[in-house]
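K.L.:
Coordinates only, no sequence provided:
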């Protein structure tokens, strides 16, 4: 536990605490009265209300639309199922900037709806809600569907034999077993939408702002650190509560269910109702996921002289004057791949050690350690990024002028995915195998190398893939610390979208398409490796 704890203390707790301290201390005295001033500001209260309201509605809509899909993937066999399972997970690993770009191309000015029917939904709450459902659809399908596929269907069949109707059997047998998984998925969706940044920044316009967007504006635009510090504390408290509930539901799910092999629970649809459900779910996947991604690709090819590679070729050149970049935008691809590779190595080291510690120990201390590992997913990435700038600028940690800042920030987001991917596999390793190796004279290191590693090698590759994909898409912290001559792909897309002109917009769509294809390729590779279907990710 020492290495992960030190990593989080230096690169997470220290920067966040420094920002909060700087905001709430003046002249050596604490200004706790500032908390009351901020929390009674009508504008801040409006932001808090919208943040909570849109998160609740987004979560409800996601569950309503995704639960039927989770059932279809769990219980039905049909051609292309594995490919579709990977497709529905693509939005989850896409950067929120790319998600915003896709919906901007679909719903914004000059978008598909605008061209066909003259309808624009950007800068409306509907665009935000749809983008959040698009982003989180795969979370529910994979987490709830993974568990659903391992529930024994004979239990529900037995209830029907005893006289229960189809709905009553599902309500009294299957739903209670699924409850913890649904609750865990709902809490995760709420967490991601509560801390939404890129989607709101691109689609919300000046009218809508979440806590994360407000923290960014107070920090970067107004330099009002006291207000940003208070909002960071509010967000931190909310996220800690959400993560505590999530940990409780996961523990309940792990401890109360006996699961069967998922390969024995699915079959081809039977009857008109089941075929209709399958086709309805496929239609939702096409409209909700494939259409926005397809429109994104189409916009990247729709140049001033018709369809072609005009915007892609423009990525290869450095703007002469007044450009958004001091280097060719295409260099952001190479920068992102390098940063993500280093971040993946860091995340595997830290996350692997953390997962091993969680496997071998129990108790309140370890449960608290587990919650600590998840905090970066919900804490303001803007605060972390700005905290890096003001804390890691003096010896012995003078990293402000080095390229390491970016992969360190990305690794903070990758570690939770590594832990959550490896932990179930490590817990499944029979302890007696390690004990037998020790009896035969193997050191702890050799026992791990020859017993654990062969069994968890595939999970390690999957964890590496997830860490790489989410590192590619990290935006909130990177936007502060990426240097102008070394931008990452999400930062480059945001900069291009922030400037007027058809060329900038087209290049943003082209870069978003490149990033989408890289993430989709990583997910398809993971789907070929994956054997366990019950994990959270």
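P.N.:
Cool, got the structure. Predicted model, so just to flag it, every value in this text is computed and none were measured. Numbering: from 1, shown residues only.
K.L.:
Quick check: next helix or strand after the helix or strand where residue 420 lies?
P.N.:
Per DSSP states H and E: residue 420 is located in helix 405-428. Counting by DSSP H and E, the next helix or strand C-terminal to helix 405-428 is helix 431-439.
K.L.:
residues in contact with that following helix?
P.N.:
Contacts with helix 431-439, where a contact means Cβ atoms under 8 Å, 6 or more residues apart in numbering, come from 444, 446-447, 450-452. (Each C-beta comes from the backbone N, C-alpha and C, glycine too.)
K.L.:
Identify the residue spatially nearest to residue 78, adjacent ones excluded.
P.N.:
Spatial nearest neighbour of residue 78, chain neighbours left out: residue 278 (6.4 Å); criterion: Cβ to Cβ, 6 or more residues apart in numbering.
K.L.:
Relative to residue 152, how far out is that neighbour?
P.N.:
Distance, residue 278 to residue 152, using Cβ to Cβ, to the nearest Å: 22 Å.
K.L.:
rewinding a little: for burial, what's the neighbour tally of the residue nearest to residue 78?
P.N.:
Residue 278 is flanked by 18 other residues according to other Cβ atoms under 10 Å.
K.L.:
Same question for residue 453.
P.N.:
For residue 453, the neighbour count with other Cβ under 10 Å is 11.
K.L.:
Please list all residues in contact with it.
P.N.:
For residue 453, the contact set (Cβ under 8 Å, 6+ apart) comprises residue 460.
K.L.:
Can you check the pLDDT for it?
P.N.:
Looking at residue 453, its pLDDT stands at 80.
K.L.:
what's the next secondary structure element after the helix or strand where it lies?
P.N.:
According to DSSP H and E, residue 453 maps onto helix 453-473. Sequence order places helix 478-481 as the next helix or strand after helix 453-473, per DSSP H and E.
K.L.:
list the helices and strands that following helix packs on?
P.N.:
helix 381-391, helix 405-428, helix 489-497 (3 or more Cβ pairs under 8 Å, 6 or more residues apart in numbering; DSSP states H and E).
K.L.:
Looking at those, spot the one closest to residue 245.
P.N.:
Proximity to residue 245, assessed across the helices and strands packed on helix 478-481 by Cβ to Cβ, is greatest for helix 405-428 (16.1 Å).
K.L.:
distance between that closest one and the chain's centre?
P.N.:
Relative to its parent chain, helix 405-428 has a centroid offset of 12 Å by Cα atoms, centre = their mean, to the nearest Å.
K.L.:
re the thing from before, packing partners for the helix holding residue 420?
P.N.:
The contact analysis (3+ Cβ pairs under 8 Å, 6+ apart) places helix 405-428 against helix 2-8, helix 331-360, helix 364-378, helix 381-391, helix 453-473, helix 478-481.
K.L.:
Reformat these as CSV; add distance to residue 425.
P.N.:
Listed next are these as CSV, based on distance: least, Cβ to Cβ, whole Å:
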stretch, distance to residue 425
helix 2-8, 18
helix 331-360, 9
helix 364-378, 16
helix 381-391, 28
helix 453-473, 4
helix 478-481, 30
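K.L.:
separation between the residue lying closest to residue 330 once chain neighbours are set aside and residue 510?
P.N.:
Excluding its sequence neighbours, the residue lying closest to residue 330 (Cβ to Cβ, 6+ apart) is residue 315, at 4.2 Å. Taking Cβ to Cβ as the measure, residue 315 falls 6 Å from residue 510.
K.L.:
pretty sure residue 413 is touching residue 378, no?
P.N.:
No. Between residue 413 and residue 378 there is no contact under Cβ atoms under 8 Å: 10.7 Å.
K.L.:
which of the residues in the one helix or strand residue 71 maps to are buried?
P.N.:
Using DSSP H and E, residue 71 maps to helix 42-75. For helix 42-75, burial by neighbour count (16 or more other Cβ atoms under 10 Å) applies to 44, 47-48, 50-52, 54-55, 57-59, 61-63, 65-67, 69-75.
K.L.:
Also stretch 288-296?
P.N.:
Quick answer for stretch 288-296 (16+ other Cβ under 10 Å): 288-289, 292-293, 295-296.
K.L.:
before we move on, what about stretch 436-454?
P.N.:
437, 442, 447, 451-452.
K.L.:
Span of it from start to end?
P.N.:
The straight-line separation of the ends of stretch 436-454 (Cα to Cα, to the nearest Å) is 16 Å.
K.L.:
and it, how far from the chain's centre?
P.N.:
Worked out by Cα atoms, centre = their mean, stretch 436-454 lies 35 Å from the chain centre.
K.L.:
do the same with stretch 175-183
P.N.:
For stretch 175-183, the distance to the chain centre is 22 Å (Cα atoms, centre = their mean).
K.L.:
Going forward, count from 623.
P.N.:
Got it, the first residue is 623 from now on, which makes the last one we talked about stretch 797-805.
K.L.:
and it, what's its mean pLDDT?
P.N.:
The predicted model assigns stretch 797-805 a mean pLDDT of 79.
K.L.:
Also stretch 669-688?
P.N.:
Stretch 669-688 comes out with an average pLDDT of 94.
K.L.:
chain center to the helix holding residue 693, what's the gap?
P.N.:
Computed by Cα atoms, centre = their mean, the separation of helix 664-697 from the middle of its chain amounts to 15 Å.
K.L.:
other SSEs contacting that helix?
P.N.:
Helix 664-697 packs on helix 703-715, helix 747-770, helix 797-816, helix 833-838, helix 847-878, helix 893-907, going by 3+ Cβ pairs under 8 Å, 6+ apart.
K.L.:
Direction-wise, compare that helix with helix 703-715 and give the angle.
P.N.:
Angle of helix 664-697 versus helix 703-715, following axes from the mean of the first three to the mean of the last three Cα atoms, to 10 degrees, is 170 degrees.
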